[in-house]
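Engineer: Give me a model of this one.
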Amino acid sequence: MENFCMKRATFQYLCHELRPFLEKNPRRKCHSVELRVAVTLWICGSGMEYRSIGHLFGIGISSACTIFQETVQAIATHLSPKFIQMPSGRRLQNIVEGFEAKWGVPQCAGAIDGTHVPIIAPSQNKTDYYNRKCFYSIVSQVICDHELRVLHVVSGWPGQV
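Structural biologist: Sure, this is the predicted structure:
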């Protein structure tokens, strides 16, 4: 709970949902789905660099990078449409009313922010990924409702965008 900001049951559910998309060839020794999800959650929650993640989880730097990219791609492709949806109708009206009641912001349907997710510099177009904060990254943008539930995510733009 302390490290991943979720209950064990939620972590196990996330692993179960991602297993078909992250499980590698069972005859080859690969990193478990649980390790892949844990590494990804830790990177997203801490912003640690791959070198530190590698030491923490006992994997290589390139493995940490690959695991993160593959898991985020699986989440974006397969889980996002299932769980993250832009509201409409009565749900949208509830959000607008919630922003005004909870935060004092009228006519607001979502809070939007972006973040730079650190990456290892790609071999091509590396200057496109070097951001104003002086590290290589991809940009992620998130929209949340008044209760901090994620409504929309866009990720993958080069860090210089």
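Engineer: for the helix or strand bottoming out on mean pLDDT in the chain, packing partners?
Structural biologist: One helix or strand of the chain scores below all others by mean pLDDT, DSSP states H and E: helix 80-83, with a mean of 84. Of the remaining helices and strands, none touches helix 80-83 by 3 or more C-beta pairs under 8 Å, 6 or more residues apart in numbering; DSSP states H and E. Using the backbone N, CA and C atoms, a C-beta is placed for each residue, glycine as well.
Engineer: Alpha carbons of that helix, in PDB - could you do that?
Structural biologist: Extracted as PDB, the C-alpha positions of helix 80-83 are listed here (Å, rounded to 0.1, in the frame of the first residue of the first chain):
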ATOM      1  CA  SER A  80      -7.300   2.500 -21.100                       C
ATOM      2  CA  PRO A  81     -10.300   2.000 -23.300                       C
ATOM      3  CA  LYS A  82     -11.900  -0.200 -20.700                       C
ATOM      4  CA  PHE A  83     -11.400   2.100 -17.700                       C
END
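Engineer: Val117 should be in a strand, yeah?
Structural biologist: Yes. Counting by DSSP: H, G, I helix; E, B strand; the rest coil, Val117 is located in a strand.
Engineer: Let me know whether it touches Ser140 as I believe.
Structural biologist: Yes. Shown here, Val117 and Ser140 form a contact pair, counting by C-beta atoms under 8 Å, at 5.6 Å.
Engineer: Show me what stretch 123-132 is in contact with.
Structural biologist: His116, Ile119, Ala121, Pro122, Tyr136, Ser137, Ile138, Val139, Pro158, Gly159, Gln160 (C-beta atoms under 8 Å, 6 or more residues apart in numbering).
Engineer: now it, how far from the centre of its chain.
Structural biologist: Remark: stretch 123-132 is offset 20 Å from the chain centroid, using C-alpha atoms, centre = their mean, to the nearest Å.
Engineer: Now do the buried residues in it.
Structural biologist: Across stretch 123-132, burial judged by 16 or more other C-beta atoms under 10 Å covers Tyr129, Asn131.
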